[in-house]
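A.B. asks: model this:
(chains A and B)
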Amino acid sequence: MERNDQMIKILFLLFFLILGMHTPADPIPTYRFDNVKQEQQFIKLTDELRCVVCQNQTIASSNTPLASDLRQIIYQKILLGEQNDAIKAFVVDRYGDFVLYQPPFNHVTLLLWLGPIFLLCISIFFASKTILLKGKR
Amino acid sequence: MMRLKQGLSIRYVLPLCLLGLLGFILSSGLQQDPSDLPSALLNKPLPNLYIENVLTGKPELINHRMKGKIALLNVWAPWCQVCQKEQPILEQLAKLEGIALFSLVYKDTPEQVFNSFNKHGNPYQQTWLDPTGEASLDLGIYGTPELYIIDQQGYIRYRHAGLITQEILTNKILPIIKQLSGTK
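C.D. replies: Have a look, this model is predicted:
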């Protein structure tokens, strides 16, 4: 009886593991580049930019017409030899810092970057105080 | 342990205050719509757009048509069902003193545009075509309809993305127009 139970548990585990193993079919565009370096630049760059329409997707994986248009533009820019900074600036000029998955470090995003570290320091400070006090008694 | 008035130890008060502050920050964040993107072109000049006028069939620099007046540029498309719902609002805007209503058609043909004008009317002073979406991308469009308010000097002062309801018209759009009219 016990062995049957175990078998059932293992089967369930396998079942859910397999369900979780989805292979996302990313619509990788069939763009032709002059060399591998350009292709890699394209893959990396489109994965670092947010699709403004489907905001939790990159423009690499989004199906929206806007993402498709941006991929086309980025492709052409890469063929012309434009570097990442210039291409990112092009997109940011039109859509703002929000398109960057890594927000820039400026006086606006200071709180975003330093906030967690700051909170952590405060917690450690108070926690260690409490622990030390408890230790004394 | 430090003690404040009434014997309240800072050990209890400080974390509570921090928690309260955090709660305030987070709840005010919840009230905002994160998908609502402020225009990256706010307070910047309207980019130079050289595109085809639907009536003349010839390309022109739209900025020239707008200088000297408060221009409202509506980006829409005949295929965009939602855009049709704005028609009564657009007609109200068209009648306002001191503003000029223009439109940019995102990815559609002149035939469809004329179809739409015949069916629903044409509230626009001029309408331009953007069949490739390039001009709209230069404006930072991410959905239709979108309305841009451009001041007399050609600077973008406001962008509303999405349908404009009567409420939004009264509470957001009209006040801005009023403000811009005052600074002539």
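A.B. asks: contact residues of chain A facing chain B?
C.D. replies: A:52-53, A:55, A:65-66, A:69-70, A:73, A:92-96, A:98, A:122, A:126 (CB under 8 Å from any CB of the partner chain). From N, CA and C alone the C-beta is placed, and that goes for glycine too.
A.B. asks: now the strands for chain B?
C.D. replies: For chain B, the strands defined by DSSP state E cover B:50-52, B:59-61, B:70-76, B:99-106, B:126-130, B:146-150, B:156-161.
A.B. asks: let's have those strands in CSV, adding mean pLDDT, distance to residue A:46 and mean neighbour count.
C.D. replies: CSV is the format used below for the strands of chain B (pLDDT from 0 to 100; distance: least, CB to CB, whole Å; neighbours: other CB atoms under 10 Å in any protein chain shown):
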stretch, mean pLDDT, distance to residue A:46, mean neighbour count
strand B:50-52, 96, 27, 16
strand B:59-61, 97, 31, 13
strand B:70-76, 97, 25, 23
strand B:99-106, 97, 22, 23
strand B:126-130, 98, 23, 22
strand B:146-150, 97, 24, 24
strand B:156-161, 96, 23, 20
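A.B. asks: so which of the residues of chain A next to chain B wins on neighbours?
C.D. replies: Highest neighbour count within these, by other CB atoms under 10 Å in any protein chain shown: residue A:52, with 26 neighbours.
A.B. asks: now it, what's its secondary structure?
C.D. replies: Three-state call for residue A:52 (DSSP: H, G, I helix; E, B strand; the rest coil): coil.
A.B. asks: which residue, other than its chain neighbours, is closest to it?
C.D. replies: residue B:142 (4.3 Å; CB to CB, 6 or more residues apart in numbering or on different chains).
A.B. asks: any low-confidence regions in the chain?
C.D. replies: Going with chain A. A:1, A:21-29, A:136-137 (pLDDT under 70).
A.B. asks: if you could check chain B rather than the one you did, that'd help
C.D. replies: B:1-8, B:34-35, B:183-184.
A.B. asks: write out the residues of it neighbouring chain A.
C.D. replies: B:15, B:18, B:34-35, B:37-41, B:107, B:133, B:137-143.
A.B. asks: select only the buried ones of those residues in ChimeraX?
C.D. replies: In ChimeraX, the members of the residues of chain B next to chain A classed as buried (16 or more other CB atoms under 10 Å in any protein chain shown) are selected with the following command:
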select /B:37,39,40,41,107,133,137,138,139,140,141,142,143
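A.B. asks: ok, back up a step: just the residues of chain A next to chain B now: which is nearest residue A:34?
C.D. replies: The closest of the residues of chain A next to chain B to residue A:34 turns out to be residue A:73 (CB to CB; 17.2 Å).
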